[in-house]
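Enquirer: model this:
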Amino acid sequence: RARRPDIKLLAYVTSHNIWDPSGPDSMVHYPTRYYRMVRDLGAWLYNTSGTEFSMNRVNLAKRDLFGRFVLAEGLADLFREVIIVPGIWDGIFMDVYCKTILWMETPSERIDYQRAGYPTREAFDAAWGAAIDTLGNRVRRYAGPNFLMVGNCTAGQNYAVFNGWMRENFPWQNGGSWYSNMYREPGGLFNDDRN
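Expert: Presented below is the predicted three-dimensional model:
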């Protein structure tokens, strides 16, 4: 900041995926705390073969007995503690912040939605979308209106909460073309900018 006072620094986090931390168990190491939260809440996401879903290990749609999205709320609380409260970041970049998860399934690997606590794939995916909103909305409430929030996954539509959306592989994001990625509704760059 001394060299570039106008710089905007965003903290990078994964929103619904975590790896096995290789360091010693720590109360301050962010990935270890994220991992421990998922472990302690029993919020791993499994495939129908009984192993962790390889594309995304975290069940963001995990509910408690009262129907609360406990992992989504817990992650927002963690983001508040390690990113917002210290006051050194201008915003947050939430990678792997997907409104739906079913696109990650492959013909050889399907999500075990029943083990995740839902009667159908559609119910699980709808709950997933609600949990994503819970996470983003809670972070925005904690951070206030001047904190930058940027998401990344498929085309984002959280216009009331997020300031922007990352474009991967532009202009061919989601298998599209320059035209579709500029004008698609929802998610085209011009439409996102307007919204």
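Enquirer: from here on, contacts and neighbour counts on C-alpha atoms
Expert: Will do.
Enquirer: now do the phi/psi pair for V58.
Expert: Note on V58: its backbone torsions stand at phi -110, psi 130 [degrees, to the nearest 10].
Enquirer: beta partners for it?
Expert: Residues in a beta bridge with V58, per DSSP bridges, are W44.
Enquirer: and it, what pLDDT?
Expert: pLDDT for V58: 95.
Enquirer: what's it in contact with, if anything?
Expert: Applying CA atoms under 8 Å, 6 or more residues apart in numbering to V58 gives the contacts 16-18, 38, 43-45.
Enquirer: how far away is it from A116?
Expert: With the distance defined as CA to CA, to the nearest Å, V58 ends up 10 Å from A116.
Enquirer: which neighbours do those two have in common?
Expert: With contacts taken as CA under 8 Å, 6+ apart, V58 and A116 have L45 as neighbours in common.
Enquirer: which residues of this protein fall in helices?
Expert: Remark: helices of the chain, listed N- to C-terminal, are 30-41, 70-79, 121-143, 178-183, 189-194; assignment by DSSP state H.
Enquirer: list the buried residues of the longest one.
Expert: This points to helix 121-143. With burial defined by 16 or more other CA atoms under 10 Å, the residues of helix 121-143 counted as buried are 121, 124-140, 142-143.
Enquirer: now stretch 9-20: mean pLDDT?
Expert: For stretch 9-20, the mean per-residue pLDDT is 90.
Enquirer: likewise stretch 128-138?
Expert: Across stretch 128-138, pLDDT averages out at 96.
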